[in-house]
Structure formats: structure tokens, C-alpha cells
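> got a sequence here, can you model it:
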Amino acid sequence: MPLVNEHVQKINNTVYEPEKFDFYDPKLQNKMDNMVVFLGYKSLTHDVHNYIALKDGTYAELVLVRGMSIADLTGEQSRVLVNEAGEFFRAQNAGTNISFFGYSFKVNTHKQQRAWQTNKELLEEEIKNETNTRRKHQLNQRLKMVNGEINRLIFVENNFWSREFLMAVFAKNKGQLENKMILLRNLSSGDNAPFRFREMTRKEKEERLYALNNPASYID
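Predicted coordinates:
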């Protein structure tokens, strides 16, 4: 019996390129529904918070955390950061449940590529209709620059990955979770706060929930 089947792609010193997944496609909705049973969360609440509703009736909030490079800090700076992190956790109420995790994802430059492609098409049309030799030469030089930028963006998307850090906060009900988030905002508001974070839109949360639970795929 073979170790791999015909659906597994052979990798020859290259990064596996997964298929893109459009979680807004109604044809794929059954896959999202199946995730609920396995992963433990039902949906996002339909309010201003967009909290994560869990199967056991509790709630969670997901926020983006600012990453910090500990390796670039001096010994004293590292000790200060660790002490501040300790103060951060001691300031929480007893039983507060917070999780931190990070994941890597492909850099997506589609939006920038589309903008430059539009610029390229306009230039090509202008070059085609230009009769002044000097002006046409200038436009062609501009077109070379635009093509170079498009190629650079394609290279970045094909070769670079980024890393993101998330914080999940859990509570028994929405009111308790809202109070916890107020406290966390206050504790994270200072410039030297160890865990400064940014709250996300509903779409951003949906993207990250899918990416976290489907590491072989990436958001288009």
C-alpha cells in the first residue's frame, strides 16, 4: 500500500501552495458548519462587539497583539518587560482565562497588484495614442517602473510570510467579557504596556478564525 495517495502533491524543495478558500462562498458553507462541531465555537455575536459564541454557552474575544522582538532587547529591557507582564496578569481578576498564540501566513499583495495593473493599463493606452517622441519615451520609462513594481509584489507574495500574534479572552457571559475587555484596554493603553492590542472587525475575525484552523490554506 503506498504511503501517500494520488491527492497528495509531491514537494520538490518548494513551499506547498494551498488552494485559496473563499469563506463567503455559499457553496462552501457546509465546510464552515462542520468546523463548528469540531472546533467548539458556533458563530460571532450580532452586536457591536462581534464576540465569539462558544458551544458551551460562554464567550470569547479575539484581538491582535503587538509583537515584540525580545532578542533585540538588552538584558535590563527584557527584565523590565517580564516584570510588566507579571503586573499585567496580577491585575486580572481571579480565574481570568487568557490565551496567547501566533501563526504565520502568506503575504497577500493582490490589492496592490490590482492598483499597479490599473496604472499600467492607463499608461499603455496613453503610449498608444501619444505622437510626441519625447513624451512617449517618458511614458515608456514610467511603464518600466510600473512593471518592476508589479514584479516585485509578485515576488514578495511568492516568497515571504508574515507572523501575527493574537490574544483570546474568555468569559461566562457577554457582560463579564465586556468588563474584562474594559480592564484590558486600560492596562494596555500605556506606551510601555507589555500587551498592547488592536480590536478587529467582524471580517478580520472571520479571516483569522479560518486561517488558525486551516493552516494549509490562506485567505484570498
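
> phi, psi for residue 157 please.
In terms of degrees, to the nearest 10, the main-chain angles of residue 157 are phi -60, psi -30.

> which ones are touching it?
106, 107, 108, 109, 110, 113 (C-beta atoms under 8 Å, 6 or more residues apart in numbering). For the C-beta atoms, the positions are set from N, CA and C on the backbone; glycine is no exception.

> would you mind listing the buried residues in the helix or strand containing the last one?
It stands for residue 113. Residue 113 is part of helix 110-129, with elements assigned from DSSP states H and E. Using 16 or more other C-beta atoms under 10 Å as the test for burial, helix 110-129 gives 113, 116, 119, 120, 123, 127.

> for the nearest residue to the first one once chain neighbours are set aside, which three-state class applies?
The one in question is residue 113. In space, and not counting its chain neighbours, residue 113 is closest to residue 153: 5.1 Å by C-beta to C-beta, 6 or more residues apart in numbering. Classification of residue 153 using DSSP: H, G, I helix; E, B strand; the rest coil returns helix.

> hmm, back to that, just the buried residues of helix 110-129 now: which is nearest residue 178?
Residue 178 has its nearest neighbour among the buried residues of helix 110-129 in residue 113, at 39.9 Å by C-beta to C-beta.

> is the closest one in contact with residue 150, as I believe?
Yes: counting by C-beta atoms under 8 Å, residue 150 is a contact partner of residue 113 at 6.1 Å.

> quick check: residue 97 touching residue 169?
Yes: the criterion here is C-beta under 8 Å, and residue 97 meets it with residue 169 at 7.5 Å.

> which one of those two is surrounded by more residues?
Shown here are residue 97 and residue 169; by other C-beta atoms under 10 Å, residue 169 has more neighbours (22 against 13).

> what about that one, which helix or strand?
Here residue 169 sits within strand 161-171, counting by DSSP H and E.

> any idea of the mean pLDDT for that strand?
For strand 161-171, the mean pLDDT works out to 83.

> would you check the distance separating it from the middle of the chain?
9 Å (C-alpha atoms, centre = their mean, to the nearest Å).

> check stretch 155-163 too.
That offset, for stretch 155-163, works out to 13 Å (C-alpha atoms, centre = their mean).

> also stretch 167-184?
22 Å.

> got the contact list for that stretch?
45, 47, 49, 51-52, 54, 58-65, 91-93, 96-101, 195, 197.

> restricted to strands, list those residues.
Applying DSSP state E to the contacts of stretch 167-184, the entries found in strands are 52, 54, 59-65, 97-101, 197.

> by neighbour count, which of these wins?
Counting neighbours by other C-beta under 10 Å, residue 61 comes out on top of the ones in strands among the contacts of stretch 167-184 with 24 neighbours.

> surely it and residue 45 touch.
No: with contact defined as C-beta under 8 Å, residue 61 does not count as touching residue 45 (10.1 Å).

> common neighbours of those two, please.
Listed contacts common to residue 61 and residue 45 are 51, 52; contacts here mean C-beta under 8 Å, 6+ apart.

> what is the neighbour count of the closest residue in space to residue 54 that isn't next to it in sequence?
For residue 54, ignoring the flanking residues on the chain, the nearest one in space by C-beta to C-beta, 6+ apart is residue 41 at 5.2 Å. Neighbour count of residue 41, defined by other C-beta under 10 Å: 17.
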